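J.: please work out how this folds:
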Amino acid sequence: MLNPKTPRPSTIPPLISGGIMLSYHCTNACRHCLYRCSPKRPNEWMSLEMAERVFAALAREPALESVHLAGGEATLNSELLLAVVQMAIKHDVRLSYLETNAAWCADLDETLRRLARLKEAGLPGLLVSASMFHLEFVPFAHTRNCVDAACQVFGRHNVLIWLPHMYAALDQMPDHHRTWRLSEFCDHFGLARYDERLPGLYQTIPAGRAPEALRKCYTPYPAERFASERCGHDLCSTTHFHIDLYGNLITGFCAGIASGSIDDLHPEITPDRSPIVHTLCEEGPFGLSELAKHEHGFVRRHEGYVSKCDLCYDVRRQLHTTARFSELRPVDYYECR
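T.: Residues are numbered from 1 along each chain as shown. Next up is the predicted model:
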């Protein structure tokens, strides 16, 4: 069993702010996606019974400020989305916004209609994703329709564009009715195709799909470079938690690790109950790789890693194949690309 050298039990603290992921299924397979959402992920959705349990549990959280709704792309299941908005209102859990990639906003009038239904149900606002990564799947005309309609329905102060400077950049592309490959975006703005500045344009975290899809944008380092980096702050952070459709609690930005569940949002983190989380908190990804090397034959990549998260995922992907660690879920996170 994976056991840190100096176990110090702790618990996941009260939840403060986060998101409800209705699915991992998405219209896009964006290069930066922390959760590896894509059209190839199972077309599975949070059940109404699970949603009821989620909001009932959140209503009991003493420090909770608000939650947002997300996917995947939550608008792919519009009736479920409406029901979940109404369920949040029923349980008096404050909603902040719905997150969307605007792929569904080809027609302005239809976009207005659908957003008006969501507002009537109780949704207060919208976050619209805009970046060169989304542009590979979503024409800017759709993004603009979404923003324009959302401003009409919710008011400009209740619409968040993530990120505004990227929205302005996409507006400069010559044809708003087509998608553009990342290389074409770079060519248009005079960027090298694997410019090291590219991830920073969208505040990309080098985790999830990004270390693979944008690897040439980063400088790789030997795994030993990350030997002093621990993950306790990330795994015990509840200012940006997520609860997915299966009821897994994901803390920080650590996708693919269930630090808790809807049945136990504040588990004690011990070597026996949570060997992966505990080891990462105490020893970090390098420590996890050392243990995996000795106990499971893990071999580090000779070309190195671009971040501690890159190293962590490489280790976890092999540990997942042992089927011994229930924290590594959902399982298809480790099997998709």
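J.: can you report how many residues lie near the residue nearest to Val159 when sequence neighbours are not counted?
T.: Closest residue to Val159 apart from its sequence neighbours, by C-beta to C-beta, 6 or more residues apart in numbering: Ala150 at 4.5 Å. In this view, the C-beta of every residue, glycine as well, is placed from N, C-alpha and C. Ala150 has 29 neighbouring residues, counting by other C-beta atoms under 10 Å.
J.: thought Ala150 was touching Arg114?
T.: No - counting by C-beta atoms under 8 Å, Ala150 stays clear of Arg114, with 10.6 Å between them.
J.: might you report the residue contacts of Leu236?
T.: Heads up, residue 236 is Cys, not Leu. Going by C-beta atoms under 8 Å, 6 or more residues apart in numbering, Cys236 touches 10, 12-13, 251-252, 281.
J.: oh, that last question was meant for Gln318, not what I typed.
T.: 292, 296, 298.
J.: filter these to the buried ones?
T.: 292, 298 (16 or more other C-beta atoms under 10 Å).
J.: sort out for me which of the contacts of Gln318 are in helices.
T.: 292, 296 (DSSP state H).
J.: any chance of the contacts of Gln318 in JSON lines, with distance to Val85 and pLDDT too?
T.: Formatted as JSON lines, the contacts of Gln318 follow (distance: C-beta to C-beta, whole Å; pLDDT from 0 to 100):
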{"residue": "Ala292", "distance to Val85": "42", "pLDDT": "97"}
{"residue": "His296", "distance to Val85": "44", "pLDDT": "95"}
{"residue": "Phe298", "distance to Val85": "44", "pLDDT": "97"}
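J.: between the contacts of Gln318, which is closest to Ala192?
T.: Nearest to Ala192 out of the contacts of Gln318 is Phe298 (C-beta to C-beta; 33.9 Å).
J.: look up how far Ser289 lies from that closest one.
T.: 6 Å (C-beta to C-beta, to the nearest Å).
J.: ditto for Leu163
T.: Distance of Leu163 to Ser289, given as C-beta to C-beta: 33 Å.
J.: same drill for those two, tell me which one is more crowded.
T.: In this view Leu163 and Ser289 are compared by other C-beta under 10 Å, and Ser289 has more residues nearby, 26 against 15.
J.: residues in contact with the more buried one?
T.: Contact partners of Ser289, counting by C-beta under 8 Å, 6+ apart, are 223, 298, 300, 311, 314-315.
J.: may I have the host helix or strand of it as CSV, with CA atoms only?
T.: In the assignment (DSSP states H and E), Ser289 maps to helix 275-296. Extracted in CSV, the C-alpha atoms of helix 275-296 (Å, rounded to 0.1, in the frame of the first residue of the first chain):
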residue,chain,number,x,y,z
PRO,A,275,-3.6,6.7,0.0
ILE,A,276,-3.3,8.7,-3.2
VAL,A,277,-4.5,12.0,-1.7
HIS,A,278,-2.5,11.5,1.5
THR,A,279,0.7,10.7,-0.4
LEU,A,280,0.2,13.7,-2.7
CYS,A,281,-0.4,16.0,0.3
GLU,A,282,2.7,14.7,2.1
GLU,A,283,5.1,13.8,-0.6
GLY,A,284,3.8,15.4,-3.8
PRO,A,285,3.8,13.9,-7.2
PHE,A,286,7.5,13.0,-7.1
GLY,A,287,7.0,11.2,-3.9
LEU,A,288,4.1,9.3,-5.4
SER,A,289,6.2,8.4,-8.4
GLU,A,290,8.9,7.0,-6.1
LEU,A,291,6.4,4.8,-4.3
ALA,A,292,4.9,3.8,-7.6
LYS,A,293,8.3,2.9,-9.0
HIS,A,294,9.1,0.7,-6.1
GLU,A,295,5.7,-1.0,-5.7
HIS,A,296,4.3,-1.0,-9.2
